[in-house]
Structure formats: C-alpha cells, structure tokens
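Trainee: 3D, please:
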Amino acid sequence: MPHLVTLRDTLFRYFASQQSQSIQTLLEAEKEAAKVVQQARQYRVQRLKDARTQASKEIEEYRQFKEQEFKAFEASHAGNIQTVQAAIDRETEVKRKEISEQYLQNKDKVVKKLLDRVVLVKPELHRNLKKLKK
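Mentor: Coordinates of the predicted model:
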C-alpha cells in the first residue's frame, strides 16, 4: 500500500501542476487577448481621427474650388452687369425725358380742365334723388 500512496501523491502533483500550467496558459492567453483588443481600439480611434482630418481637408479643398469657380463666374459676368446697367440707365433717362415732355405739353390742358370742373358748376339733382321723384 505505501506504493499506492506514493503513486497517488505523484499523480496528484502531476495533475495539479498540469492544471496550474493550464491556468497559467489561460491567464497569459487572456492577457494577450486584452492587448490585442486594446491595440484594435487604438487602431480604430486613430483611423477615425485620420478620417476626420482627411474629411476636413477635402471639405476645405472643395470650398476653395467652389470659391474660385464663383469668382471666375463673377469676373466673366462683371462686364455684362456693367453693360446691362449702362443700358438700363440710358433707357431710364429716355423715359424720364419723354415723361417731362408730356408733362410740359399737357400741363396747361390739365390745369384748365381742373379749373373748369371746379369753377363751372352745373347745379343738378343727384341721380338717386331723380329716381325718387319719378
């Protein structure tokens, strides 16, 4: 029987050391997995920062492109605007002169008509009063 006790103790120690090694291996694997997860998080955060930076850069480039495009459009149409404005000014001046001429021509006629209406009053009954008398 002493032989069995020694064998049992030896087997117990063997399995205990195997179990301890397995636990140690699992702990090391868990630490390694935690490192991998942390690296993946850091990588993701860095990629998000890079994406934001790149997007900001692209937005700024696009804004500058559109601004230059607008300035070119504005410059190409600036001559047209001045030409159109000059034509409108000439047309306005012609119309103003026509109105002034018509005013001068018809001023006396209008004043005479107004005075005739005010001074020459023909007394007659109002049309509603005429209807009542009938």
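Trainee: sticking with the residue nearest in space to the middle of the chain, tell me its helix or strand.
Mentor: By Cα atoms, centre = their mean, the mean C-alpha position of the chain lies nearest to Arg63, the distance being 12.1 Å. Per DSSP states H and E, Arg63 falls inside helix 2-119.
Trainee: tell me the SS of Glu124?
Mentor: Assigned by DSSP: H, G, I helix; E, B strand; the rest coil, the conformation of Glu124 is coil.
Trainee: quick one, phi psi at it?
Mentor: Dihedral pair for Glu124: phi -150, psi 160, per degrees, to the nearest 10.
Trainee: and it, how far is that from Thr83?
Mentor: 60 Å (Cβ to Cβ, to the nearest Å). C-beta here means a position set from N, CA and C on the backbone, and glycine is covered the same way.
Trainee: and for His77?
Mentor: Counting by Cβ to Cβ, the gap from His77 to Thr83 is 10 Å.
Trainee: before we move on, what about Phe65?
Mentor: From Phe65 to Thr83 the distance is 29 Å (Cβ to Cβ).
Trainee: poorly predicted segments of this structure, please.
Mentor: 1-5, 7-9, 11-17, 19, 79, 130-134 (pLDDT under 70).
Trainee: count of residues packed around Phe65?
Mentor: As a burial measure, Phe65 scores 10 neighbours (other Cβ atoms under 10 Å).
Trainee: before we move on, what about Leu26?
Mentor: Leu26, neighbours per other Cβ under 10 Å, totals 10.
Trainee: what of Val45?
Mentor: 10.
Trainee: cool, and Thr53?
Mentor: 10.
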